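Peer 1: Need a 3D model of the sequence below.
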Amino acid sequence: MSGRNSMRTGSLARAVGWLNSPELDSADLRERVVLFDFWTYTCINWRRTLPWLRSWAERYRDQGLVVIGVHTPEFEFEKDIDNVRRAVKAQGVDYPVAIDSNYELWDAFENRYWPALYLVDAQGRVRHRQFGEGDYDQIEAIIVNLLVESGRKLAMPHDHTPMGQGAEATADWQNLRSPETYLGQARSAEPARDGLAPAGLKLNQWVLIGSWSTRRESTISRRPHGSIAMRFHARDLHLVMGPASRDTRVRFRVSLDGEEPGEARGVDVDARGLGTIEQPRMYTLIRQSSPIPDRLFEIEFLDPGAEVFVFTFG
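Peer 2: Below is the predicted model of the structure:
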């Protein structure tokens with residue numbers, strides 16, 4: 001286990017709100033083992049950890065474990081508690097969620113990552129940290145050990161692997177050769193030169209076509225039929241996007257190598273590649289089966305006002 005420094009329990013009072021629970025404080029967590037999960041709802045890496053979080057929350061709730069999701073936003077729209085509430089419901093998060101829009105808990109834990117897990121023992125000491133995906137068996141074994149230390153009687157966990165569905169499915173790591181790619185000024189990967197035809201893109205290059213306005217976090221299509229092309233190599237392609245103006249809808253069409261995606265479509269498009277942006281969130285646009293080659297992805301926004309943030313892959 002790594003580290004025994006005390007948790008700053010007073011930081012819980014700095015959350016701007018709570019979902020699925022009344023406000024929790026140190027008294028509520030006394031003699032409990034607590035798993036703090038730092039997340040943000042558009043993060044694909046966090047989405048793939050969610051089956052295990054649900055499993056632990058349900059399996060060990062009556063044994064003294066409290067799972068607390070600390071929602072710390074990456075993008076401005078993730079500070080909107082209505083957006084978070086909608087995501088909590090859609091993604092089946094049923095354990096307490098602290099809304100950390102001001103990064104108060106994030107700073108109290110000196111955290112820098114999504115997702116990040118902090119296991120705190122019944123005396124309020126941080127006993128283990130996990131950054132990113134994986135090591136689920138080790139984490140569960142530590143949960144059990146900490147519960148036993150606190151006086152609970154339970155056996156080591158049985159072998160079981162929660163099966164994630166949709167965006168929660170484990171990534172196809174052997175075929176994942178494309179990194180997350182931000183489209184805003186603050187963290188943007190350099191696009192291919194203007195005027196380069198999509199067919200000329202090399203692996204992990206992308207290009208904007210049409211009239212676009214680039215901001216710190218995002219890029220916004222200003223006229224109908226603006227498009228983005230990217231050559232990628234992965235089973236899954238996701239795009240975090242939303243309407244630039246609240247309560248509007250933006251229609252779009254995606255293609256693979258110039259063709260309709262068909263059976264390679266993601267859950268947010270039909271077989272012809274058609275879909276609609278209605279809320280700011282992560283959209284799953286492509287899920288293909290093996291073999292996985294380099295593919296040319298294109299998305300055309302049929303209406304103006306699409307705000308796009310980041311490509312992620314799985």
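Peer 1: For the protein, which segments are assigned as helices?
Peer 2: In the chain, the helices defined using DSSP state H lie at 44-47, 50-60, 81-90, 104-108, 136-149.
Peer 1: for the first one, packing partners?
Peer 2: Right, the one you point to is helix 44-47. Packing contacts for helix 44-47, counted by 3 or more C-beta pairs under 8 Å, 6 or more residues apart in numbering; DSSP states H and E, involve no helix or strand. (C-beta placed from N, C-alpha, C; glycine too.)
Peer 1: Touching it from outside, list them.
Peer 2: 39-40, 91, 114-115, 132-133, 167-168, 180, 238, 282, 312-314 (C-beta atoms under 8 Å, 6 or more residues apart in numbering).
Peer 1: Give me the buried subset of the residues you listed.
Peer 2: Buried members of those, counted by 16 or more other C-beta atoms under 10 Å: 39-40, 91, 114-115, 133, 167-168, 238, 282, 312-314.
Peer 1: would you list those in JSON lines and tack on distance to Phe252?
Peer 2: Converted to JSON lines, the buried ones among the contacts of helix 44-47 look like this (distance: C-beta to C-beta, whole Å):
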{"residue": "Trp39", "distance to Phe252": "27"}
{"residue": "Thr40", "distance to Phe252": "23"}
{"residue": "Gln91", "distance to Phe252": "22"}
{"residue": "Trp114", "distance to Phe252": "26"}
{"residue": "Pro115", "distance to Phe252": "28"}
{"residue": "Glu133", "distance to Phe252": "29"}
{"residue": "Ala167", "distance to Phe252": "18"}
{"residue": "Glu168", "distance to Phe252": "23"}
{"residue": "His238", "distance to Phe252": "14"}
{"residue": "Met282", "distance to Phe252": "14"}
{"residue": "Thr312", "distance to Phe252": "17"}
{"residue": "Phe313", "distance to Phe252": "19"}
{"residue": "Gly314", "distance to Phe252": "20"}
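Peer 1: From those residues, pick the one nearest Leu105.
Peer 2: Checking the buried ones among the contacts of helix 44-47 against Leu105 with C-beta to C-beta, the nearest one is Trp39 at 11.7 Å.
Peer 1: Can you read off the pLDDT for the closest one?
Peer 2: Model confidence at Trp39, given as pLDDT, is 98.
Peer 1: sorry, back to before: quick one: closest of the helices of the chain to Asn20.
Peer 2: It's helix 81-90; of these, that one is closest to Asn20 (C-beta to C-beta) at 6.9 Å.
Peer 1: is it true that Arg231 touches Arg295?
Peer 2: Yes - counting by C-beta atoms under 8 Å, Arg231 touches Arg295, with 7.1 Å between them.
Peer 1: related to what we said a few turns ago, which members of the contacts of helix 44-47 are positioned in strands?
Peer 2: Within these, residues falling in strands by DSSP state E are 39, 238, 282, 312-313.
Peer 1: and Gly210, how far is that from Tyr118?
Peer 2: 44 Å (C-beta to C-beta, to the nearest Å).
Peer 1: More neighbours: these two, which one.
Peer 2: Tyr118 (22 against 15; other C-beta atoms under 10 Å).
Peer 1: Unless I'm misreading it, that one sits right up against Val67, doesn't it?
Peer 2: No - contact criterion C-beta under 8 Å: Tyr118 and Val67 do not qualify, at 11.3 Å.
Peer 1: so what sits against both of those two?
Peer 2: Residues touching both Tyr118 and Val67 (C-beta under 8 Å, 6+ apart): Leu35.
Peer 1: Noted, bye for now.
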